[in-house]
Every structure is written in structure tokens, then in C-alpha cells.
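Colleague: structure here, sequence nowhere to be found:
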């Protein structure tokens with residue numbers, strides 16, 4: 001979800017050069033890696049509030065298409081500037097899955113949900129993403145988590161399901177359906193992206209996925225902009241730029257580099273704060289009023305995810 005540097009020069013530095021290997025760097029490298037991973041989490045936590053801002057001036061389809069195009073321009077510039085070779089043909093299907101899940105599916109479904117759902121509600125539901133990704137990863141890659149892992153995962157899912165039903169008056173809403181669909185497609189994209197990241201740098205995975213989606217996002221933007229009125233405001237432009245540069249690309253750059261420096265387990269612990277951070281942003285930036293159930297459910301999911309991190313394998 002999002003956070004980007006406003007300086008293009010620092011972006012080139014972020015994606016250039018070999019990433020440090022986890023466990024082999026100095027204490028300074030570890031501190032820098034922790035900072036980079038933390039910046040990625042902050043970036044992602046701002047995605048929903050920025051999307052809500054973007055919807056003040058753009059229609060949902062226009063917002064998704066334009067943000068993807070802008071992110072692809074940034075990613076494509078990095079790929080061209082660093083003269084990165086095209087991925088092998090055997091990797092293109094995996095990149096298409098990443099594109100369908102992370103570039104198109106998740107942003108589209110969550111944007112549609114945020115038309116009628118609060119960002120706080122969406123943040124709690126999407127807080128299940130790490131668990132959903134772990135479940136799909138186990139199915140896709142054949143990993144065998146422990147029994148404790150599965151119990152914690154099911155407990156987290158039950159907490160979120162109870163929250164959504166309670167918030168919607170006893171029945172799931174259309175927005176909830178969008179959010180649960182977003183969980184599935186994004187988890188699939190993360191799983192495939194994690195597999196590809198074993199053979200190419202993570203930023204190149206998302207970069208090529210963004211470029212691969214251009215034949216869809218360009219005509220989509222043309223059609224959407226012709227039907228959906230655009231009202232440019234400070235909020236809508238800021239929201240668009242943030243989700244495009246921050247959430248869709250640069251946040252992933254610092255996140256992947258942070259993981260490379262400090263290791264996936266430590267980085268994952270930082271991501272536990274993401275749903276709670278989004279709740280804070282929803283209050284500070286959007287003026288939303290939280291129900292008691294929202295932070296309590298987010299905390300419960302955080303505990304469940306923490307248990308899965310320790311019990312995995």
C-alpha cells in the first residue's frame with residue numbers, strides 16, 4: 001500500500017546495485033534495511049486513505065487505470081535506465097499473475113469497495129492479506145506449515161469474518177465481497193511474485209508486471225476517462241500520485257530491499273503494524289470515527305499473524 005520518495009534521484013539509487021544479503025551485512029546495513037522495510041510498511045498503510053482522496057476527483061475505473069499507467073512509466077524508466085534484460089519467456093506467465101493480482105485486481109476491487117466502505121473497515125478486512133498469502137503459498141509451493149500456524153490463521157480469519165458481519169448488520173455487503181475478492185487475487189499475485197523473486201530482484205518483478213499490463217491499462221484509461229468525469233482537486237491529485245508512485249512501485253522497492261537486508265521474518269514483523277497504521281491515517285487524514293470493534297479486531301489479527309510468523313515451517 002504506499003510511500004514514495006519525492007526525489008527521482010533517490011529512486012535510481014534504491015533500485016540500482018546489488019541488494020545486501022541478509023545476515024551478512026554490518027549493523028549499519030541492518031539498520032538501513034530496517035528503515036527501508038519500515039518505509040515500505042508506511043507506504044502501504046497509506047494506500048486506502050490515498051485511494052479515498054483519489055476518488056474525490058476520479059471515477060474508480062479511471063483512478064485504477066491512470067495509477068497503473070503512471071506506475072508503469074516510473075518502473076519502465078528504471079528498467080530502461082538500468083538496461084535490465086527482458087525476463088525469460090518461462091517467467092511471463094508468473095508476471096501475468098502478478099499483474100492480474102497486484103497491478104489490476106487488488107487496486108480495482110479495493111477501490112470499488114471504498115466507494116461504500118470506510119477505510120478503517122477495509123483495513124481490518126485486508127489485514128488478513130499476510131495470512132491469505134501464506135495459505136495460497138502453501139498450496140502453490142507445497143510448503144507445510146505447522147498445526148499452530150493453521151490454527152492461528154483460522155482464528156484470524158474468524159475474527160475478521162465476525163467483524164465484517166457485525167459491522168454490516170448481520171450480512172456481508174457488496175463492499176465486503178470486493179474486499180474478500182481482493183484478498184484472494186492479491187495473495188495470488190504475492191505468492192507468484194515471491195516465487196519469481198527467487199530468480200530476479202523483487203523490484204523487477206513488479207516493474208515488469210506493471211509494463212506487461214500497459215496494453216490493458218492504456219485503453220482502459222481512455223475509455224474510463226471518456227465516461228467518468230474528472231474533478232481535479234488537491235486531494236484527488238495527491239491521492240492519485242501517492243497510489244501510483246508510492247503504493248504501486250516505490251513502496252515495493254524499499255520493501256523488497258529491506259527484506260533483502262534484514263530477512264523476510266524480521267521484515268514481516270514490521271508489516272504487522274500496517275492495519276493499525278491505516279486506522280490511524282483514516283482518522284487523521286479522513287476524519288473517520290472508529291468503532292471499538294475496528295482496533296480490537298485489527299489487534300486480534302496482528303496477534304494471529306505474529307503467531308503464524310513464529311509457527312511457520
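Modeller: Done, it's in. It should be emphasised that the depicted structure is a prediction, and the values quoted were computed from it without experimental measurement.
Colleague: tell me the helix or strand right after the lowest-mean-pLDDT helix or strand in the chain.
Modeller: One helix or strand of the chain scores below all others by mean pLDDT, DSSP states H and E: helix 8-15, with a mean of 32. Moving toward the C-terminus from helix 8-15, the next helix or strand (DSSP states H and E) is helix 27-45.
Colleague: for that following helix, which helices and strands make contact with it?
Modeller: Applying 3 or more C-beta pairs under 8 Å, 6 or more residues apart in numbering; DSSP states H and E, we find helix 27-45 packed against helix 251-262, helix 264-271, helix 274-286. C-beta: built from backbone N, CA, C; applies to glycine.
Colleague: worst mean pLDDT among those?
Modeller: In terms of mean pLDDT, the lowest-scoring of those is helix 264-271 (a mean of 61).
Colleague: so residue 175 is in which element?
Modeller: With DSSP H and E as the test, residue 175 turns up in helix 174-196.
Colleague: tell me which residues in that helix are buried?
Modeller: For helix 174-196, a neighbour-count test (16 or more other C-beta atoms under 10 Å) marks 175-176, 178-196 as buried.
Colleague: where does pLDDT dip in the stretch 101-250 of the chain?
Modeller: For the stretch 101-250 of the chain, the stretches flagged by pLDDT under 70 are 141, 143, 145, 168-171.
Colleague: rerun at 90
Modeller: By pLDDT under 90, the weakly predicted segments of the stretch 101-250 of the chain are 102, 115-176, 180, 183, 186-203, 205-206, 247-250.
Colleague: could you pull out the helices for it?
Modeller: Taking DSSP state H, counting those that start in this stretch to define them, one finds helices in the stretch 101-250 of the chain at 106-113, 119-126, 129-141, 147-167, 174-196, 202-212, 214-227, 234-241.
Colleague: how about the last one: buried residues?
Modeller: Neighbour-count burial for helix 234-241, with 16+ other C-beta under 10 Å as criterion, is recorded at 235, 236, 239, 240, 241.
Colleague: among the residues you listed, which one lies nearest to residue 297?
Modeller: Lowest distance from residue 297 to those (C-beta to C-beta) belongs to residue 239, with 25.6 Å.
Colleague: for residue 108, see how far away that closest one is.
Modeller: Computed as C-beta to C-beta, to the nearest Å, the residue 239 to residue 108 distance reads 16 Å.
Colleague: over to residue 99?
Modeller: 12 Å.
Colleague: what about these two, which has more around it?
Modeller: The residue with more neighbours, out of residue 99 and residue 108, is residue 99; 26 against 21, by other C-beta atoms under 10 Å.
Colleague: and that one, what pLDDT?
Modeller: Confidence score, pLDDT, at residue 99: 93.
Colleague: gap between it and residue 78?
Modeller: Residue 99 sits 17 Å away from residue 78, going by C-beta to C-beta.
Colleague: which residues touch stretch 214-233?
Modeller: Residues outside stretch 214-233 that contact it (C-beta atoms under 8 Å, 6 or more residues apart in numbering): 56-62, 64-66, 68-69, 72, 103-104.
Colleague: ChimeraX command for the buried members of these?
Modeller: ChimeraX command restricting the contacts of stretch 214-233 to the buried ones, with burial defined by 16+ other C-beta under 10 Å:
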select :57,58,59,60,61,62,64,65,66,68,69,72,103,104
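Colleague: for residue 180, give me its contacts.
Modeller: Contacts of residue 180 were listed using C-beta under 8 Å, 6+ apart, and they are residue 125.
Colleague: for residue 187, see how far away it is.
Modeller: 11 Å.
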